[in-house]
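Peer 1: Here is my input, please return the structure:
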Amino acid sequence: MNLYKTGYGSHGTIVFKGTFQGRQVAVKRLLIDFYDIAAKEVQLLQESDDHPNVIRYFARETTDKFMYIAIELCMASLQDIIEKPNVELFSKIKSEMKPEKLLYQIISGIQHLHSLKIVHRDIKPQNILIAAPKKNQKYPRILLSDFGLCKKLDENQSSFNNTIHMAAGTVGWRAPEALLLANLGPNRSCDTSSLTLNSDTSSSYYKITQSQINMDDHPEPLRITKAIDIFAAGCVFFYVLTNGQHPFGDRYYREANIINGRYDLNNEFNINVEAKDLIEHMIQGDYRKRPSAKSIMSHPYFWSPTQRLNFLQEASDRFEIEPRDPPSPLLQLLETNAKIVVSGDWYKVIDKALRDNLGKYRKYNGESVRDLLRSLRNKKHHYQDLPDYVKEALGPIPDGFLEYFTSRFPYLLLHIYYIIVNTKILRNDPIFESYLNTNPE
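Peer 2: Residues are numbered from 1 along each chain as shown. Got it, this is the predicted structure:
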């Protein structure tokens, strides 16, 4: 087998390009001194590589000095395509990738590992690789790689003993609980009261959704769980959407900022509301409040315009059957924080053309979320019957129509989403199943 050196890794690892059974592969050469680490990596690869977003393992060989591991050959790392735009290949790959498709593949790979009770523990741009699309695929494939720090939870275990977490992860990408535990001296303990809550720069709507999470805030000993991967992935999401920036700032102050919960998602890239909301939940200081990989896959950030519009319409239909006089508890919940959601008075925010058309048929309350939803639903349902000047104002369905409402009422979609997610009777309603229960595999 001819080998051509292509890169380096930890523990004296050198990566070569080679062939295996007529197939081009990447070959990791590890020093035999690290046999246990390499053997564990091979074992976890064998357990987890039956997934489109986990790097594929082919074979291994051992000599008296080295272990060789043959894995899938990739074109680049995520770091390459973000930080080396002047390289033609990397620039081309990046231009072919839609950010939401890329990020979905990352979290899909993490969900697969977590379903097997495997925690990666070193999610970062360098460990996320990009492979060519397969014959029936349009976009490049995103693969999780480098399983050297992975740990597998026991069958009935949800966290690791704190004796095995030391040195896990990479500087700048480690979760606050990992940093706090790593910095503890002998015979010292630490609990969840040490974890900082969300940053002062977080959005007002994010603070509202966090307050809706029902959780006993009684302090408990810090633990290392799957949530460390979610934290790192949240940082990676921001890195992708801002072309290489980090939510916790400059690398020299990054870990101090992580421990103190100081992040800033405001930048010139103007990340949309749904992406910012998702990232803020993923990098939450208290790991108990971070979403699971499975729930992240169902977040509205990943929904198509058609899904978003249909969701709002079906939510409107659902709230319309609620008793109004007096308003049911669900309608009262819908109108919570209405001033933020409807931008004060939605009737004053919409165009005169739409306002006049709405006024022909019924009276609306501009301070009501239910009435805003109803107006959206009615105009979508009767879109083909609208006058041309109203259609022109609203834009085409779904993209233009959706943009008309979400650009004026950016918190509407998230408001409805979190009410449904956090309310059992709505969460279990069959009409919302396709939105909230994305099949992760």
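Peer 1: So for stretch 104-120, mean pLDDT?
Peer 2: Mean pLDDT, stretch 104-120: 94.
Peer 1: Could you do stretch 39-53 as well?
Peer 2: Stretch 39-53 carries an average pLDDT of 82.
Peer 1: What residues of it count as buried?
Peer 2: 40, 41, 42, 44, 45, 47, 48, 49, 51, 52, 53 (16 or more other Cβ atoms under 10 Å). Where you see a C-beta, it was placed from the backbone N, CA and C, and this is true even at glycine.
Peer 1: is it fair to say the fifth one lies in a helix?
Peer 2: Yes - counting by DSSP: H, G, I helix; E, B strand; the rest coil, residue 45 is part of a helix.
Peer 1: isn't it right up against residue 148?
Peer 2: No - at 10.3 Å, residue 45 and residue 148 do not qualify as touching, with contact defined as Cβ atoms under 8 Å.
Peer 1: which residues do those two both contact?
Peer 2: The contact sets of residue 45 and residue 148 do not overlap (Cβ atoms under 8 Å, 6 or more residues apart in numbering).
Peer 1: The buried residues of stretch 39-53: which two are farthest apart?
Peer 2: 40 and 52 (23.4 Å; Cβ to Cβ).
Peer 1: which ones are touching residue 124?
Peer 2: 170, 172, 173, 232, 236.
Peer 1: Next, the distance between the ends of stretch 146-155.
Peer 2: 23 Å (Cα to Cα, to the nearest Å).
Peer 1: Would you indicate which residues of it are buried?
Peer 2: Under 16+ other Cβ under 10 Å, the buried positions of stretch 146-155 are 146, 147, 148, 149, 150, 151, 152, 153.
Peer 1: Mind checking which of the residues you listed land in strands?
Peer 2: In this view, these that belong to strands under DSSP state E are 151, 152.
Peer 1: Looking at the buried residues of stretch 146-155, which one is closest to residue 103?
Peer 2: Using Cβ to Cβ, those come closest to residue 103 at residue 146, 18.9 Å.
Peer 1: can I assume that closest one is in contact with residue 127?
Peer 2: Yes - with contacts counted by Cβ under 8 Å, residue 146 reaches residue 127, the gap being 4.3 Å.
Peer 1: Name the next helix or strand downstream of the strand or helix carrying residue 67, please.
Peer 2: Secondary structure assigned from DSSP states H and E places residue 67 in strand 66-72. Counting by DSSP H and E, the next helix or strand C-terminal to strand 66-72 is strand 76-77.
Peer 1: partners of that following strand, with directions?
Peer 2: Strand 76-77 has its sheet partners listed here by DSSP bridges as strand 128-131 (antiparallel).
Peer 1: hmm, who's touching the strand it pairs with?
Peer 2: Strand 128-131 is contacted from outside by 55, 72-78, 80-81, 93, 106, 140-145, 236, using Cβ under 8 Å, 6+ apart.
Peer 1: 6 Å - rerun?
Peer 2: Contact with strand 128-131 is made by 74, 75, 76, 77, 78, 93, 140, 141, 143, 145, as judged by Cβ atoms under 6 Å, 6 or more residues apart in numbering.
Peer 1: Would you tell me what the next helix or strand after it is?
Peer 2: Following strand 128-131 in sequence, per DSSP H and E, is strand 141-144.
Peer 1: elements contacting that following strand?
Peer 2: helix 99-115, strand 128-131 (3 or more Cβ pairs under 6 Å, 6 or more residues apart in numbering; DSSP states H and E).
Peer 1: any idea which of the contacts of residue 124 is closest to residue 135?
Peer 2: The nearest one, if we look at the contacts of residue 124 relative to residue 135 and count by Cβ to Cβ, is residue 236, at 28.2 Å.
Peer 1: Sticking with that closest one, tell me its helix or strand.
Peer 2: Counting by DSSP H and E, residue 236 is part of helix 227-241.
Peer 1: and the angle for that helix with helix 99-115?
Peer 2: Orientation of helix 227-241 against helix 99-115 (axes from the mean of the first three to the mean of the last three Cα atoms, to 10 degrees) gives an angle of 170 degrees.
Peer 1: Flag every buried residue along helix 227-241.
Peer 2: 227-241.
Peer 1: Residue 234: what's it in contact with?
Peer 2: 279, 282, 283.
Peer 1: where does the stretch 251-400 of the chain have low pLDDT?
Peer 2: Residues of the stretch 251-400 of the chain that meet the criterion pLDDT under 70 lie in 361.
Peer 1: and what of the stretch 51-200 of the chain?
Peer 2: For the stretch 51-200 of the chain, the stretches with pLDDT under 70 are 157-167, 185-189, 191-192, 194, 196-200.
Peer 1: From residue 46, how far out is residue 56?
Peer 2: Applying Cβ to Cβ, to the nearest Å, the value for residue 56 to residue 46 is 10 Å.
Peer 1: got a list of what residue 141 touches?
Peer 2: residue 131.
Peer 1: ok, 10 Å please
Peer 2: Residue 141 makes contact with 52-53, 55, 72, 74-75, 105, 109, 129-134, according to Cβ atoms under 10 Å, 6 or more residues apart in numbering.
Peer 1: same deal with residue 350?
Peer 2: So residue 350 contacts 343, 357-358, 364, 366, 372, 375, 393-394, 404-405, 408-409 (Cβ under 10 Å, 6+ apart).
Peer 1: redo that, cut-off 7 Å
Peer 2: residue 408 (Cβ atoms under 7 Å, 6 or more residues apart in numbering).
Peer 1: same deal with residue 331?
Peer 2: Residue 331 touches 319, 322, 324, 370, counting by Cβ under 7 Å, 6+ apart.
Peer 1: now, the most widely separated pair of these?
Peer 2: 319 and 324 (9.8 Å).
Peer 1: Looking at those two, which has the bigger crowd around it?
Peer 2: residue 319 (22 against 10; other Cβ atoms under 10 Å).
Peer 1: how about that one, what does it touch?
Peer 2: By Cβ under 7 Å, 6+ apart, residue 319 lies in contact with 330, 331, 334, 370, 373.
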